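Participant: from the sequence below, what's the structure:
(one chain, ligands or ions: 1)
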Amino acid sequence: MKHIKNFINGEFVASARTFEKRSPLNDAVIAQVSEAGRGEVDAAVQAARAALHGPWGKLVIADRVELLYGVANEINRRFDEFLEAECADTGKPMSLARHIDIPRGAANFKIFADVVKNVPTEFFEMATPDGLGALNYATRSPVGVVGIVCPWNLPLLLMTWKAGPALACGNTVVVKPSEETPQTATLLGEVMNAVGIPKGVYNVVHGFGPGSAGEFLTTHQGVNAITFTGETRTGAAIMKAAADGARPVSLEMGGKNPAIVFADCDFDAAIEGTMRSVFSNCGQVCLGTERVYVERPIFDKFVAALKLGAEKLKIGTPGDVATGIGPLISQEHKTKVLSYYQKARDEGAIIVTGGGVPNMAGDLAHGAWIQPTIWTGLSDDAAICREEIFGPCCHISPFDSEEEVIRRANDTTYGLAASIWTTNLQRGHRVAGKIEAGLVWVNSWFLRDLRTPFGGAKQSGIGREGGVHSLEFYTELKNICIKL
Ligand code: NAD
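Facilitator: Residues are numbered from 1 along each chain as shown. Predicted structure coming up:
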């Protein structure tokens, strides 16, 4: 049995309390995890503060960049261990994690090192009444100790998407991974030590939210800024915690993302893209589609094709190359997703496919498996059309006009992402411009250039990450005015 410890000041530290990490595949306990109390969280924050004033704080950018390249290389060198750990915690197919989670997790250290290496700041020459003038230039300095609170759906990728830029900007971090996915953040501690990242720069505390490490970290006044990815209501709680001490927050939160499929789309591409956006990672992707609007002339054909695709997905274990879809993250999440499957039935949805739990053999019968599910027939005010489910499911409904579908797509408190499928160039631009979301794809989904802004509108987020946008949060911009 593995024992997963906190990583504080370069050391692996056990706590008095532990909790069990269970496998999504069969509900077996796969690890005991040390739960950080206030003491451990305080030690991590103190270590992070001390590290700001140690060798790390004195590094020139070029040296910091070299160290972070080293982190990326070392993750890639230990690729299989990270892959194994991520798939053990999440149950996701290795074919997916091999292409997304682990390589992107490593790349996040490299790309933000490159951004920081190359980014300019601004300079303004100013006229003054005495005719001598003044020069204004801006400098960037780290914000200090950054608290990072993460979800379980893309554990390494989403954590390093924050830790990468935070460290590249010269900050130190205390990471609170999801209680469901403690392994890869901990393994990264070994990587940090191996490449010579100074002690205290990267710390990990394990535990839950309220009354546990999440709350202790976000309420700790030694934390200068808090960055969070997870559910909207958790983000709101964290925002309240951050109000004490007026500390900045960056929030990436939930979504109820639409896909809009026009009759003039490249049909096969729209099906392929929607298959991925609905079912990838068992539907547990913040950018995933849960509402599909299809223009009426191709509605029946689209529903039939998506049904065929969903029924072809092989439900299976991470190592099986044929696996198209793994389990949900936990029994608790399965209960939540199944409650929506029930609500759909109660509200009179037509169940096109799925709607329940697959039969799994042997000990897999105890896992968090669920059927990919498609519904039609409900109006936009049904619970499954309004609330984030975070499972492998979508509701498909027909539409008749561009104005109608824009209005319906925007009729949500969320605003994370949308996909539009059309071969009409003008329409693609026009509709994209009118969608109230932080990310809009036309004829694709999850195509990410990491230099571009990433984040949600409305209740899906506050702030933007990616490229230079991450610098806005992880640095203090200072204007220096020199009177000549
Ligand atoms: P969650 O909000 O339940 O938990 C996220 C993290 O917050 C966990 O580490 C948890 O322990 C911690 N936490 C919970 N309550 C807390 C509190 N009161 N104080 C401090 N920390 C607390 O989210 P989840 O279930 O892990 O992840 C799924 C959610 O994340 C979905 O809503 C999904 O849309 C969202 N998500 C958003 C993005 C994005 O980029 N916008 C990306 C991935 C996931």
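
Participant: how about the residues of the stretch 151-300 of the chain by the ligand?
Facilitator: The stretch 151-300 of the chain has residues 151-153, 158, 176, 178-179, 208-210, 214-215, 218, 229-231, 234, 237-238, 252-255, 286 near the ligand, with proximity defined as CB under 6 Å from any ligand atom. Bear in mind the C-beta positions are built from the backbone N, C-alpha and C, glycine included.

Participant: ok, 5 Å please
Facilitator: When proximity is defined as CB under 5 Å from any ligand atom, the stretch 151-300 of the chain approaches the ligand at 151-152, 178, 209-210, 214-215, 218, 229-231, 234, 237, 252, 254, 286.

Participant: and the strands in the stretch 51-200 of the chain?
Facilitator: Secondary structure of the stretch 51-200 of the chain (DSSP state E, counting those that start in this stretch): strands at 123-126, 134-142, 145-149, 172-176.

Participant: make TSV from those and add mean pLDDT and mean neighbour count to it.
Facilitator: Formatted as TSV, the strands of the stretch 51-200 of the chain follow (pLDDT from 0 to 100; neighbours: other CB atoms under 10 Å):
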stretch	mean pLDDT	mean neighbour count
strand 123-126	98	10
strand 134-142	97	14
strand 145-149	99	28
strand 172-176	99	28
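
Participant: take those strands and lay them out in CSV including distance to Ala72.
Facilitator: Converted to CSV, these look like this (distance: least, CB to CB, whole Å):
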stretch, distance to Ala72
strand 123-126, 32
strand 134-142, 20
strand 145-149, 18
strand 172-176, 16
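
Participant: tell me the confidence at Lys312?
Facilitator: We have a pLDDT of 98 for Lys312.

Participant: against the ligand, how distant is it?
Facilitator: Applying CB to the nearest ligand atom, to the nearest Å, the value for Lys312 to the ligand is 26 Å.

Participant: sort out which of the residues of the stretch 151-300 of the chain next to the ligand are in strands and list them.
Facilitator: Using DSSP state E, the members of those that fall within strands are 229, 252.

Participant: return the subset of the residues of the stretch 151-300 of the chain next to the ligand lying in helices.
Facilitator: Cross-referencing those against helices under DSSP state H gives 214-215, 218, 234, 237.

Participant: may I ask which of those has the most neighbours?
Facilitator: Counting neighbours by other CB atoms under 10 Å, Gly214 leads these with 27 neighbours.

Participant: which ones are touching that residue?
Facilitator: Gly214 makes contacts with 149, 176, 207-208, as judged by CB atoms under 8 Å, 6 or more residues apart in numbering.

Participant: likewise Gly70?
Facilitator: 195-196.

Participant: outline the domain layout of this structure.
Facilitator: Per the record, the chain has its domains at 2-253+460-483, 257-449, by automatic domain parsing.

Participant: quick one: end-to-end distance for the first one.
Facilitator: Between the opening and closing residues of domain 2-253+460-483 lies a distance of 62 Å (CA to CA, to the nearest Å).

Participant: ditto for the last one
Facilitator: Terminal residues of domain 257-449 lie 20 Å apart, using CA to CA.

Participant: from the chain's centroid, how far away is it?
Facilitator: Offset of domain 257-449 from its chain centre (CA atoms, centre = their mean, to the nearest Å): 18 Å.

Participant: next: stretch 190-198.
Facilitator: That offset, for stretch 190-198, works out to 24 Å (CA atoms, centre = their mean).

Participant: now do the residue nearest in space to the middle of the chain against Ser178, distance only.
Facilitator: By CA atoms, centre = their mean, the chain has its centre lying nearest to Leu158, at 4.3 Å. Counting by CB to CB, to the nearest Å, the gap from Leu158 to Ser178 is 9 Å.

Participant: residues shared between the contacts of those two?
Facilitator: By CB under 8 Å, 6+ apart, the residues touching both Leu158 and Ser178 are 150-151.

Participant: any idea which element Asn479 lies in?
Facilitator: Using DSSP states H and E, Asn479 falls within strand 475-483.

Participant: what angle separates that strand from strand 134-142?
Facilitator: Inter-element angle recorded for strand 475-483 and strand 134-142: 160 degrees (by axes from the mean of the first three to the mean of the last three CA atoms, to 10 degrees).

Participant: show me what strand 475-483 packs onto, helices and strands only.
Facilitator: Judged by 3 or more CB pairs under 8 Å, 6 or more residues apart in numbering; DSSP states H and E, the packing partners of strand 475-483 are strand 134-142.

Participant: what sits against Ala457?
Facilitator: Neighbours of Ala457 in contact, by CB under 8 Å, 6+ apart: 415-416, 436-438.

Participant: can you do 6 Å?
Facilitator: 415, 436-438 (CB atoms under 6 Å, 6 or more residues apart in numbering).

Participant: which one is it nearest to, not counting chain neighbours?
Facilitator: Using CB to CB, 6 or more residues apart in numbering and skipping residues adjacent in sequence, the residue nearest Ala457 is Gly415, 3.2 Å away.

Participant: again with Ile75
Facilitator: Using CB to CB, 6+ apart and skipping residues adjacent in sequence, the residue nearest Ile75 is Ala106, 3.9 Å away.

Participant: over to Trp375?
Facilitator: Leaving aside its sequence neighbours, Trp375 sits nearest to Ala349 (CB to CB, 6+ apart; 4.0 Å).

Participant: go on, Val337?
Facilitator: Sequence neighbours aside, Gly391 is the residue nearest to Val337 in space, at 3.6 Å (criterion: CB to CB, 6+ apart).
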